[in-house]
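Enquirer: Task: produce atomic coordinates for the following.
(2 chains)
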Amino acid sequence: MQLEAQPSAFPNAEFEQLMARYQQADPGAVAVLVERLSPQLYRFFASQLGNRADAEDMLQDTWMRIHRVRHTYRAGDPVLPWVYMIARRVRVDNYRKRIRISSRETSVDVLPEVSTRNDETSSLPSFEELVAVLPESQREVVTMLKVDGLSLEEIARVTSSTTGAVKQKAHRAYERLRKILERATKGPERTPPPQSASKGVAQ
Amino acid sequence: MRSQTMTCREIDGVIGSHSGDSTLSREAAEHVAECESCRRLVKALDTGHTSLEPSESRLRQIQAAIKEDLRPVRPLASSGVFLLAFMLISLAVVAIGSLLLGVNGWNALSTIQRMTIFAALTASVFLLAISVVRQMAPGGKPSISPRLLPIGILAGLILATAVIFQVRHETAFVPDGLACLRTGMTYSIPAALLFWVLLSRGAVLYPKLTGAAAGGFAGLIGVSVLEVGCPNLDLYHILVWHLGVILLCAIGGLSLGAAVGHFRRRSIRGHSRF
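Expert: This is a model prediction of the structure:
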C-alpha cells in the first residue's frame, strides 16, 4: 500500500541554493528550477481545472511572475510556499478571467460522472473527478497535499492560514470523500454537484 | 472505524502529513487493510494525477523566455529593515505635522485620553506596518489576516474614541470638520506615496488588499497629526472627521491597488506571448 504524496524530488536546501543562483542570473539554475518545479505546478493547476491547455498557460504565467519578483525570495526561506503563493494568485486571476468569458457564453456544467465498472479500482473516480466535488478551499488543500506534496506547514504559509486550520480542512475533505466513495462503489450514481456553482477559487 | 492500531481520523493525519516517505507505517497499513472506507480513500487519492506533465516544448519556451531577460537582482532587504523604514516615515510625517500645526490637540487632551488614543494609534500603526511588510514577500509566516486587520483596527479606534471622548456643543460641525479632513489628507497623501515607494520593492500579489492596508496605514498617520494638532474634543468631530481620514485613505488605496492590479495583469499577458 502506497501513499503517493509526491514529495518534491529536491530537498529544500537545494531549492534555496538554486534560487540564490537564479537571483545571480545563473542560466543553469533557471533550467533546473523550471524542470523540477514545473511538473508540480502543472499538476497543481491541472488537477483543479481539468483543462490541460489552461494549465500550461497558467504555468507559463506563473513563471513570468516568478521571474518578475524573483528578488523577493529571501535566502533561508522555504522556496515552495513562495512559489505556490504566486501560483495561487495566477489561479485566482485565471478563474476571474474564465468567469468573465463564461458570462458571455452559455455555460454547460458537466457533473463528474463515476464509472460503473465492477472491480473496485476501476469504479473509483479519478482524482480530478473526486476533488471536483469538494469546496474550493478543501480542494486546494487536498491537491497541495496529495498532488504537489507540500507539507501542512507549507500549505499554511501559502494560504496565509494556520497548520491547524489546514489539518481541519484536510480532515473535512477526507470525511466528505469517504462518503462520496462509499456511494460511488455502491451503485451507478452521480456524485453530488460541487457546493459552488463552478470550480470556484478562494483568494 | 476503530481498528486495534489506528482510527480513521488518525489515518487522515497520515494521509495529510507529508514526510517524504511514501510507504504507510505498519499500523496505518493494518488499519487500511481492515477498513474499506480508508482503503478506498487512499486508492482514490493516489489515482490519476501522476501522469500529468507539461509538454516539453512549453518548458523550453519558458526557459528561453526567462534566460532572454536574465540579469542579477538584489534580494529584498529583511522585514526588519522595511519595518524600520515604515516606522521612520510615520514618525517623520507626524513630527513635521506637529511642528507646522502646533500641539494644541495634545495640550487639550487629559492624561487618560492622551494615553488611550496614542497607545491605540501606536499599536495600530505597528500592526499595520507588520502586515504590509509581510505582504511584500510571498510565502512568509502566517500572521493576522490582512483582510481583517484594517477592519479590526478601525473598529478598535472607534471604540476607544467612543469611550474616552464626550459629545460637546459644536457650532460649526461641517466647516471645522472639513478643515480637519483636509489637514489629515494633506499629511496622509505624502505618507502614502512614500509607503508606495517602499511597497514597490516587494511582490504585492493582492494589490487591492495591500493598497487598502497601506492607505489605512497612511490614514493613521494623518489621524495622529490631527490628534496632536486639533483641540476639538467633540466625540462626533473625532469619529467623523478624524477617523474618516483612515476610511478615505483606505478606499483610495483600494482603488489604486485595483488599478495597479489591472495594468499588471495586462502587462503580464503581453509578456506571456512568446
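Enquirer: so residue A:137 touches residue A:172, yeah?
Expert: No. Residue A:137 lies out of contact with residue A:172 (C-beta atoms under 8 Å); the separation is 9.4 Å. Heads up, the C-betas are built off the backbone N, CA and C, glycines and all.
Enquirer: helix, strand or coil for the residue most central in space within chain B?
Expert: The residue lying closest to the centre of chain B (C-alpha atoms, centre = their mean) is residue B:146, at 3.7 Å. The three-state assignment at residue B:146 reads coil, by DSSP: H, G, I helix; E, B strand; the rest coil.
Enquirer: surely it meets residue B:213?
Expert: Yes. In this structure, residue B:146 is within contact of residue B:213 by C-beta under 8 Å, at 6.0 Å.
Enquirer: what is in contact with the two at once?
Expert: Jointly contacting residue B:146 and residue B:213 under the rule C-beta atoms under 8 Å, 6 or more residues apart in numbering or on different chains are B:131, B:135.
Enquirer: so who does the residue nearest to residue A:46 when sequence neighbours are not counted touch?
Expert: Spatial nearest neighbour of residue A:46, chain neighbours left out: residue A:55 (3.9 Å); criterion: C-beta to C-beta, 6 or more residues apart in numbering or on different chains. Contact analysis of residue A:55 by C-beta under 8 Å, 6+ apart lists A:42, A:45-46, A:49, B:52, B:54.
Enquirer: Tell me the one of those residues nearest residue B:252?
Expert: For the contacts of residue A:55, the closest approach to residue B:252 (C-beta to C-beta) belongs to residue A:45, at 34.4 Å.
Enquirer: Give me the neighbour count for the closest one.
Expert: Other residues near residue A:45 number 26, with proximity taken as other C-beta atoms under 10 Å in any protein chain shown.
Enquirer: so it, which of the three states?
Expert: What three-state DSSP gives for residue A:45 is helix.
Enquirer: Test my guess that it contacts residue A:53.
Expert: No. If you go by C-beta under 8 Å, residue A:45 and residue A:53 don't touch, sitting 10.6 Å apart.
Enquirer: Which elements pack onto the strand or helix carrying residue B:186?
Expert: In this assignment (DSSP states H and E), residue B:186 forms part of helix B:173-199. Counting contacts by 3 or more C-beta pairs under 8 Å, 6 or more residues apart in numbering or on different chains; DSSP states H and E, helix B:173-199 packs against helix B:79-101, helix B:111-136, helix B:207-229, helix B:235-237, helix B:243-272.
Enquirer: Could you single out the most deeply buried of those?
Expert: Of these, the one with the most neighbours on average (mean count of other C-beta atoms under 10 Å in any protein chain shown) is helix B:207-229, at a mean of 27.
Enquirer: Alpha carbons only: can I get that helix in PDB?
Expert: C-alpha atoms of helix B:207-229 as PDB (Å, rounded to 0.1, in the frame of the first residue of the first chain):
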ATOM      1  CA  PRO B 207      -2.800  44.900  -4.800                       C
ATOM      2  CA  LYS B 208      -6.300  45.700  -3.700                       C
ATOM      3  CA  LEU B 209      -5.700  44.300  -0.200                       C
ATOM      4  CA  THR B 210      -2.200  45.800   0.100                       C
ATOM      5  CA  GLY B 211      -3.500  49.100  -1.300                       C
ATOM      6  CA  ALA B 212      -6.300  49.200   1.300                       C
ATOM      7  CA  ALA B 213      -3.900  48.300   4.200                       C
ATOM      8  CA  ALA B 214      -1.200  50.900   3.100                       C
ATOM      9  CA  GLY B 215      -3.900  53.500   2.500                       C
ATOM     10  CA  GLY B 216      -5.300  52.800   6.000                       C
ATOM     11  CA  PHE B 217      -1.800  53.000   7.400                       C
ATOM     12  CA  ALA B 218      -1.200  56.400   5.800                       C
ATOM     13  CA  GLY B 219      -4.600  57.500   7.100                       C
ATOM     14  CA  LEU B 220      -3.500  56.600  10.600                       C
ATOM     15  CA  ILE B 221      -0.500  58.900  10.200                       C
ATOM     16  CA  GLY B 222      -3.000  61.700   9.200                       C
ATOM     17  CA  VAL B 223      -5.100  61.000  12.300                       C
ATOM     18  CA  SER B 224      -2.000  61.000  14.500                       C
ATOM     19  CA  VAL B 225      -1.200  64.500  13.200                       C
ATOM     20  CA  LEU B 226      -4.800  65.600  13.900                       C
ATOM     21  CA  GLU B 227      -4.800  64.300  17.400                       C
ATOM     22  CA  VAL B 228      -1.600  66.200  18.200                       C
ATOM     23  CA  GLY B 229      -2.800  69.400  16.400                       C
END
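Enquirer: So which bits of the helix or strand hosting the residue nearest to residue A:46 are buried?
Expert: If you go by DSSP H and E, residue A:55 is part of helix A:52-68. Applying a neighbour-count criterion of 16 or more other C-beta atoms under 10 Å in any protein chain shown, one finds A:54-68 buried in helix A:52-68.
Enquirer: So residue B:39 sits against residue B:31, correct?
Expert: No. Look at residue B:39 against residue B:31 with C-beta under 8 Å: they stay out of range, at 9.2 Å.
Enquirer: Give the residue from these two that has the larger number of neighbours.
Expert: Each of residue B:39 and residue B:31 has its neighbours counted (other C-beta under 10 Å); residue B:31 has more, 24 against 17.
Enquirer: Output the contacting helices and strands for the helix or strand containing the more buried one.
Expert: Assignment of secondary structure by DSSP H and E places residue B:31 within helix B:26-34. Judged by 3+ C-beta pairs under 8 Å, 6+ apart, helix B:26-34 is in contact with helix B:8-16, helix B:36-45.
Enquirer: which stretch in those is the model least sure about?
Expert: Sorting the helices and strands packed on helix B:26-34 by mean pLDDT places helix B:8-16 lowest, at a mean of 76.
Enquirer: what's in contact with that one?
Expert: For helix B:8-16, contacts defined as C-beta under 8 Å, 6+ apart pick out A:3, A:5, A:145-146, A:152, A:167, A:170-171, A:174-175, A:178, B:1, B:6, B:24-25, B:28, B:31-32, B:35, B:37-38, B:41-42, B:45.
Enquirer: buried residues in that helix?
Expert: Buried, per 16+ other C-beta under 10 Å, within helix B:8-16: B:8, B:10-16.
Enquirer: Next, the angle helix B:36-45 makes with that helix.
Expert: When axes from the mean of the first three to the mean of the last three C-alpha atoms, to 10 degrees is applied, the directions of helix B:8-16 and helix B:36-45 differ by 20 degrees.
Enquirer: just for chain A, where's the confidence low?
Expert: A:1-11, A:49-50, A:102-124, A:186-203 (pLDDT under 70).
Enquirer: Can you show me the helices along chain A?
Expert: Here chain A has its helices, by DSSP state H, at A:12-23, A:27-49, A:52-68, A:79-103, A:120-123, A:127-132, A:136-146, A:152-158, A:163-186.
Enquirer: how about these in CSV, adding distance to residue B:124?
Expert: Below are those laid out as CSV (distance: least, C-beta to C-beta, whole Å):
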stretch, distance to residue B:124
helix A:12-23, 35
helix A:27-49, 37
helix A:52-68, 32
helix A:79-103, 26
helix A:120-123, 57
helix A:127-132, 40
helix A:136-146, 29
helix A:152-158, 25
helix A:163-186, 25
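Enquirer: ok, how many other residues are close to residue 74?
Expert: By default, I'm working from chain A. Residues lying near residue A:74 (other C-beta under 10 Å) number 17.
Enquirer: Not quite, go with chain B.
Expert: Neighbours of residue B:74 (other C-beta under 10 Å): 8.
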